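Asker: my questions concern the predicted model and sequence given below.
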Amino acid sequence: MSNIDIKSVNSIRVLAADTIQKAKSGHPGLPLGAAPAAYELWAKHMRHNPANPNWVNRDRFILSGGHGSALLYSLLHFFGYGITIEDMKNFRQLGSKTPGHPEYSHTIGVEATTGPLGAGMAMAVGMAMAENHLAATFNKEGYPVVNHYTYVLGGDGCMMEGISYEAFSLAGTLGLEKLIVLYDSNNISIEGDTNIAFRENVRARFEAFGFHTQLVADGNDLDAIGAAIEAAKAEKGRPSMIEIKTKIGAGCPAKEGKASAHGEPLGEENVAALRANLGIEDKGAFVLPEDVYENFSSIAKSNASYEEEWNRLFADYCEKYPEMKELWDAYYDKDNAKKLYDLEEFWNSFDKPEATRNVSGKLINIIKDIVPNMFGGSADLAPSTKTYMNDAGDYSKENPLGKNVHFGIREIAMAAIGNGIVLHGGLRPYVSTFFVFSDYVKPMARLSALMGVPLTYVLTHDSIGVGEDGPTHEPIEQLAMLRALPNFYVFRPADATECAAAWYFALNKEDAPTALVLSRQNLPQLDGSSQEALKGGYIIADSDKDTPDAIIIATGSEVSLAVEAKTKLIEDGIDVRVVSMPSMDLYEDQPEEYKERILPKSVTARVGVEALSEFGWGKYIGINGKFIGMKSFGASAPGGQLFEHFGITTDAVVQAVKEVAK
């Protein structure tokens, strides 16, 4: 290891410390301890090109310990990704490119939003899966056009989180040899020495997962770190984990190895002592040696050759294999799904009552032939959630060409892995489980929304219609929970046409995730349902009057109850409008004039019908409206009996309308 390498590592440390001190907020411990590993990786082993951060065959790097963001921003600054010293000075300030935790699409060079510990670990698994599947799809002998590594760096906290167990268990099962985990092992967490809560042999656990493992005893030894990375890259048939023993707050005499280094600025005196101890001349905060900048600039320029070589390889590949170039273009064509809009089979293949989960399953098998890069599966529930693509093969270590992913019973990791697959690019993934288990999915669904990635969630068994499994499996508050997420679209379709609309929307939405919430029980195909469902809410059965006597608003399986209630109410001289609202989120995106036409403010007599929680319905039914739905948990009995038991019936809707329309 050369003097300039050591000086560059120490400059990363000092810049991170200055950044956190200026903000008077942040986490210096990880950047100071992990700087050598990060520098060695970025400078000597990673194939990346700062001049084109989105180069498709770049190595991916995810900082799973996102609280150590000052490390990542320092790397991006020195390597020339467009993060300036002014950006570093604005760390954690409103509107800056350097927020407290890394945010995807907000800061160039950030591959994933990593806040919750362990999330980055699982998303890295998703990226490695995407690389593995795409390599199997496209590579030809002598033409490894998909050939890159996924590196993820995290610490003890990431290793404690259960999501990491789930994700790495799957990674080992799949033999993801291009996944390399760097474990910043310093035995310190916020409350002190990790021995108070965490004494396991982490390397032994990874060996049990099926990983190749190594130990670097000195986290400052660049040569040892580099040798371990190269050994990991050479390993075939299994992923790798490198445990790197570090000291939190390394280089700061008063803080090194102490829990207080984790999450608070070092203090001006300690930053000065850090500089002196590391041999970085003190010319003021944020002033770093010129020869360090020259070193980073030289590395960045040489890195451009990686992409240049790949471009030549890819051009030759396209010339030799024009059919693969055509397939490549199809995989990266975001307009494929638009073809579904005019596809008769997609919209009009159903004329008998059918569960929307079944409809969705049939639609998936239409979609896969139009959208060739569909890639997805469920948390061990494909036979129930109907998410299996026929004749597409099962993705596995033995068959990376397969498109059906078996995530195993790992809901939270599944969602994070799905995020990673989207973030990698080239594939259009979906994930699936029972709707009630969206409680397990939600933290990573939140990250989907925050990052604005178009992951599709197929969530079935949508209400008390689940029946005999009882209240543990019958969702109540989950729909309100997902609707509360910003930038997250939830569809609960009433029939096959609305289900097709939900899939069409999900596949054409590029900046937000979508959840399809689907029924277990059969639902009738409704007269009046149409592509208008793509507006989130529409009139499915209207009043003959210019101003209806009342409006019934319903979703999913309850729309048919509302339509039946309308027929009965006419016999009593009450003429109502029925509005189907498969997606409140999408409805809210519509122009005000459209929403006024569907739900005119002048009509205050309103009834909402949904076999779930009332929470969130107030804005549509008003203070004087009535709601037919659930006010408790469910029960164990046949689904039809439960609707009667809890009073979610046509007669109940009729009575409610009569009360509000007085």
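Answerer: Perfect, I can see it now.
Asker: low-confidence stretches in this structure?
Answerer: Filtered on pLDDT under 70, the chain yields the residue ranges 1.
Asker: remind me, longest helix of it?
Answerer: helix 290-320 (DSSP state H).
Asker: who are the packing partners of the helix or strand encompassing residue 136?
Answerer: Using DSSP states H and E, residue 136 falls within helix 119-138. When contacts are defined as 3 or more C-beta pairs under 8 Å, 6 or more residues apart in numbering; DSSP states H and E, helix 119-138 sits against strand 60-63, strand 150-155, helix 162-174, strand 179-185, helix 322-331, helix 411-424, helix 438-451. Where you see a C-beta, it was placed from the backbone N, CA and C, and this is true even at glycine.
Asker: what's the helix or strand that comes right after the shortest one packed up against?
Answerer: It refers to strand 60-63. Going down the chain from strand 60-63, the next helix or strand is helix 69-79, by DSSP H and E. Contact partners of helix 69-79 among helices and strands, from 3+ C-beta pairs under 8 Å, 6+ apart: helix 3-23, helix 29-44, strand 60-63, helix 85-89, helix 290-320.
Asker: ok, which of these comes nearest residue 436?
Answerer: Closest approach to residue 436 among those is made by strand 60-63 (30.2 Å; C-beta to C-beta).
Asker: and that closest one, C-alpha only, in PDB?
Answerer: Output of strand 60-63 as PDB, limited to C-alpha atoms (Å, rounded to 0.1, in the frame of the first residue of the first chain):
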ATOM      1  CA  ARG A  60     -23.000  -1.900  -8.000                       C
ATOM      2  CA  PHE A  61     -22.200  -0.600  -4.500                       C
ATOM      3  CA  ILE A  62     -24.700  -0.300  -1.700                       C
ATOM      4  CA  LEU A  63     -24.000   1.300   1.600                       C
END
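Asker: list the strands paired with it, with their directions.
Answerer: Partners of strand 60-63 in the sheet, by DSSP bridges, are strand 150-155 (parallel).
Asker: which residues are contacting the partner strand?
Answerer: 30, 34, 37-38, 41, 46, 59-65, 117-118, 120-121, 124, 127-128, 131, 164, 178-186 (C-beta atoms under 8 Å, 6 or more residues apart in numbering).
Asker: can I get it in CSV, CA atoms only?
Answerer: Taking C-alpha atoms only, strand 150-155 is exported to CSV below (Å, rounded to 0.1, in the frame of the first residue of the first chain):
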residue,chain,number,x,y,z
THR,A,150,-22.7,-6.3,-6.5
TYR,A,151,-20.9,-5.1,-3.4
VAL,A,152,-22.7,-4.2,-0.1
LEU,A,153,-21.1,-2.7,3.0
GLY,A,154,-22.8,-2.8,6.4
GLY,A,155,-22.0,-3.4,10.1
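Asker: re earlier: from the contacts of strand 150-155, list just the buried residues.
Answerer: By neighbour count, with 16 or more other C-beta atoms under 10 Å, the contacts of strand 150-155 hold 30, 34, 37-38, 41, 46, 59-65, 117-118, 120-121, 124, 127-128, 131, 164, 178-186 as buried.
Asker: in CSV: the helices and strands packed on helix 69-79, plus distance to residue 252.
Answerer: Output for the helices and strands packed on helix 69-79, formatted as CSV (distance: least, C-beta to C-beta, whole Å):
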stretch, distance to residue 252
helix 3-23, 7
helix 29-44, 6
strand 60-63, 20
helix 85-89, 19
helix 290-320, 19
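Asker: would you turn the helices and strands packed on helix 119-138 into TSV with distance to residue 258?
Answerer: Converted to TSV, the helices and strands packed on helix 119-138 look like this (distance: least, C-beta to C-beta, whole Å):
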stretch	distance to residue 258
strand 60-63	22
strand 150-155	15
helix 162-174	25
strand 179-185	16
helix 322-331	50
helix 411-424	31
helix 438-451	30
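Asker: for those, which one sits closest to residue 585?
Answerer: Here helix 438-451 is closest among the helices and strands packed on helix 119-138 (C-beta to C-beta), at 10.4 Å.
Asker: ends of stretch 470-484, how far apart?
Answerer: The stretch stretch 470-484 measures 25 Å between its terminal residues, going by C-alpha to C-alpha, to the nearest Å.
Asker: quick thing: my sequence starts at 26, can you match it?
Answerer: Renumbered: residue one is now 26, and that last one reads stretch 495-509.
Asker: contact partners for the closest residue to residue 600 other than its chain neighbours?
Answerer: Excluding the flanking residues, the one nearest residue 600 by C-beta to C-beta, 6 or more residues apart in numbering is residue 568, at 4.4 Å. Residues near residue 568 by C-beta under 8 Å, 6+ apart: 574, 600-602.
Asker: can you state the direction angle for the longest helix of the chain and helix 28-48?
Answerer: 100 degrees (axes from the mean of the first three to the mean of the last three C-alpha atoms, to 10 degrees).
Asker: what ranges does the stretch 226-375 of the chain have for its strands?
Answerer: 237-241, 265-270 (DSSP state E, counting those that start in this stretch).
Asker: quick check: buried residues in the first one?
Answerer: Going back to what we said before, that points to strand 237-241. For strand 237-241, the neighbour count (16+ other C-beta under 10 Å) marks 237-239, 241 as buried.
Asker: picking up where we left off before, between the helices and strands packed on helix 94-104, which gets nearest to residue 680?
Answerer: It is, among the helices and strands packed on helix 94-104 and with distance given as C-beta to C-beta, strand 85-88, at 55.4 Å.
Asker: how far out from the middle of the chain is that closest one?
Answerer: 15 Å (C-alpha atoms, centre = their mean, to the nearest Å).
Asker: who touches it?
Answerer: Outside strand 85-88, the residues touching it (C-beta under 8 Å, 6+ apart) are 66-67, 71, 73, 94, 96-97, 127, 136-137, 139, 145-146, 148-149, 152, 173-179, 449.
Asker: let's see 6 Å
Answerer: 97, 136-137, 139, 145, 149, 152, 175-178 (C-beta atoms under 6 Å, 6 or more residues apart in numbering).
Asker: closest one to residue 254 out of these, please.
Answerer: Out of those, the member with the shortest distance to residue 254 (by C-beta to C-beta) is residue 176, at 8.4 Å.
Asker: hey, what's the closest one bridged with?
Answerer: Using DSSP bridges, the bridge partners assigned to residue 176 are residue 86, residue 205.
Asker: tally of neighbours for it?
Answerer: Using other C-beta atoms under 10 Å, residue 176 has 29 neighbouring residues.
Asker: now swap in residue 366 and tell me
Answerer: Using other C-beta under 10 Å, residue 366 has 14 other residues around it.
Asker: ok, and the closest non-adjacent residue to it?
Answerer: Spatial nearest neighbour of residue 366, excluding adjacent residues (C-beta to C-beta, 6+ apart): residue 529 at 6.5 Å.
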